[in-house]
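Peer 1: could you work out the structure for the sequence below:
(one chain, ligands or ions: 2)
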Amino acid sequence: MMKFQLVVSAASLIVGSTAFVAPNTASQRSSTTHLDMSAALIVQNKGGGHGELGYQLAKALTDHEKITSITILQDDACNDEKEPFKSYSSDLPDVKVVKAPLSSGDSMTSADVKSLLGDATFEYIWDNCSKGAEGSGKAICDCAKDWGVKLLTYVSSAGMYQPDDDTTFPMPETTPIKETSGQAQYDAYAVELGLPLVSFRPQYIYGEKSNKHDYIDWYFHRLVRELPLPIPENGTQKVSLTNSKDVARLLIAPLDNEEAAVEQRFFNCGNDKLYSYDEVAYMCAEAAGIAKENVMIEHYDSELYGKAYFPFRLTNFYVAPDMAKEKLGYTGSQCDLAEDLKWYYQGFNDRGGIDEKIPLIKDAEITVLSITRFEVGSIYDKWDPIPMDWSEVQELGIEAGWMEEEDDISIN
Ligand SMILES: *[C@@H]1O[C@H](CO)[C@@H](O)[C@H](O)[C@H]1NC(C)=O
Ligand SMILES: *[C@@H]1O[C@H](CO)[C@@H](O)[C@H](O)[C@H]1NC(C)=O
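Peer 2: Ligands and ions are numbered 1, 2, ... in the order given. Okay, the predicted model is just below:
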């Protein structure tokens, strides 16, 4: 009698544990009935910048036990021939993709969005598309309100910060922002509606399936041509370059602590491993198999020559994910820039690498005037043979070299 009872309870234990485990596996998810269904909606822009965030988010959410279904509401202006969009069906088989004219959606209403989504409702939204609180942006917020979402997570931008003399680095979430930016207006509208908004402010992102490469390419383009790298000031300014996989991990971190996330609301989003502008140069050189002593960094005075083609800010302008670590239990980046630069360099070559035609005239202006180490004209002639009257170079350098970054917030 005793033995029989033992067998029965062991069997029921197995049944119980199977039922418990099942919701965690994607294939069984749809066929398992939950008391607690949590549908995730990712609103994704058309790319051109970091269109891969939605893709990485969907991948990260696929493994998340809290999420039972994933839908991407995709701006239909995206190019389906390009990454990451062409990988949606092969890499995200369980994700439903719905196309919508979001970037031309000035008159789009919440009713339009709901009907596009077949009147489904969602508990969690990640918005990496809306540019402001009008049109499709307003419609997404209004839907969130009607659905009573648990979290509306917005991918904003650290580019909205306007550091002043009191700002310390990494910039805290309390750094003054450009209130008129579309992102700030989206935040304000969501708060006005009383939504559980969590707004992340990322910086420079790189990643597989990205379609934005200009920051890191700047370094490789000069290194592979054995040209100097004109880096402003003394090159100790730091930069947060973050793999989109780590960005996605940060963006889903609020799921682990929803209350604390909404309470804090604004989170910087970046790599906790920061490197200086010069260090990035040496790391890129190493990835390209170029010896350190062959790296020609030329520090220059930005008051004289401006930004030229340099991809980052002239002065320090970086954030770190300290708040997400403290409030959300985020454990920091898993990707390593030095490692990632190896595959990045492959991609750089595949995209054209040394054969790509790139403008170098501003580099030449800086180096010819600030250095006398070599025959500057001749080294640039090989790559960018623009006829130059060197006697007028100084004037050009001062006038054309300076580029304001005021309206640059979408670049992060
Ligand atoms: C999506 O995130 C990336 C990275 O911050 C950003 O470049 C892009 O502007 C975001 N899209 C939005 C909010 O439209
Ligand atoms: C680099 O420049 C910054 C800003 O002027 C300064 O604070 C720092 O001490 C300099 N570092 C070195 C190593 O020269």
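Peer 1: which residues touch the residue nearest in space to the middle of the chain?
Peer 2: Most central in the chain under CA atoms, centre = their mean is residue 205, positioned 4.1 Å from the mean C-alpha point. Shown in contact with residue 205 (CB atoms under 8 Å, 6 or more residues apart in numbering): 50, 53, 212, 241-244, 247, 412. Where C-beta positions appear, they are placed from N, C-alpha and C, glycine not excepted.
Peer 1: contacts for stretch 57-64?
Peer 2: 26, 40, 42, 67, 70, 72, 91-92, 94-95, 126, 128, 245, 248-249, 251-252, 255.
Peer 1: enumerate the residues of this protein near ligand 2.
Peer 2: 233-234, 236 (CB under 6 Å from any ligand atom).
Peer 1: what about the contacts of stretch 57-64, which are in helices?
Peer 2: 26, 91, 245, 248-249, 251-252 (DSSP state H).
Peer 1: any idea how far residue 355 is from residue 269?
Peer 2: 35 Å (CB to CB, to the nearest Å).
Peer 1: ok, those two, which is more surrounded?
Peer 2: Using other CB atoms under 10 Å as the criterion, residue 269 and residue 355 rank with residue 269 on top: 28 against 8.
Peer 1: the more buried one reaches residue 201, doesn't it?
Peer 2: Yes: counting by CB atoms under 8 Å, residue 201 is a contact partner of residue 269 at 5.8 Å.
Peer 1: what do the two both touch?
Peer 2: 158, 319.
Peer 1: ok so, going back, farthest-separated two in the ones in helices among the contacts of stretch 57-64?
Peer 2: The most widely separated members of these are 26 and 251, with 19.4 Å between them, by CB to CB.
Peer 1: of these two, who's got more company?
Peer 2: residue 251 (27 against 13).
Peer 1: please work out how many residues are found near the residue in the chain that ligand 2 sits nearest to.
Peer 2: Closest to ligand 2 within the chain is residue 234: 3.7 Å, counting by CB to the nearest ligand atom. Residues contacting residue 234 under the criterion other CB under 10 Å number 10.
Peer 1: for it, give its distance to residue 293.
Peer 2: Look at residue 234 and residue 293: by CB to CB, they are 19 Å apart.
Peer 1: what of residue 86?
Peer 2: 42 Å.
Peer 1: of these two, give the one with the bigger neighbour count.
Peer 2: Neighbours were counted for residue 86 and for residue 293 using other CB under 10 Å; residue 86 has more, 14 against 7.
Peer 1: can you tell me the element the nearest residue to that one once chain neighbours are set aside falls in?
Peer 2: Among residues not flanking residue 86 along the chain, residue 80 sits closest, at 6.1 Å (CB to CB, 6 or more residues apart in numbering). Residue 80 belongs to no helix or strand when assigned by DSSP states H and E.
Peer 1: flag every buried residue along the helix or strand where residue 144 lies.
Peer 2: Using DSSP H and E, residue 144 sits in helix 135-147. Buried positions in helix 135-147, judged by neighbour count with 16 or more other CB atoms under 10 Å: 135-144, 147.
Peer 1: now stretch 76-84
Peer 2: Neighbour-count burial for stretch 76-84 flags 78, 83-84 (criterion: 16+ other CB under 10 Å).
Peer 1: extract the CA atoms of it and return them as CSV.
Peer 2: Coordinates of each C-alpha in stretch 76-84 appear next as CSV, following Å, rounded to 0.1, in the frame of the first residue of the first chain:
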residue,chain,number,x,y,z
ASP,A,76,6.5,49.5,-43.7
ALA,A,77,9.1,52.0,-45.0
CYS,A,78,11.8,49.5,-44.1
ASN,A,79,13.7,47.7,-46.9
ASP,A,80,12.9,44.0,-46.7
GLU,A,81,16.0,43.2,-48.7
LYS,A,82,18.2,44.5,-45.9
GLU,A,83,19.1,43.4,-42.4
PRO,A,84,17.7,42.9,-40.0
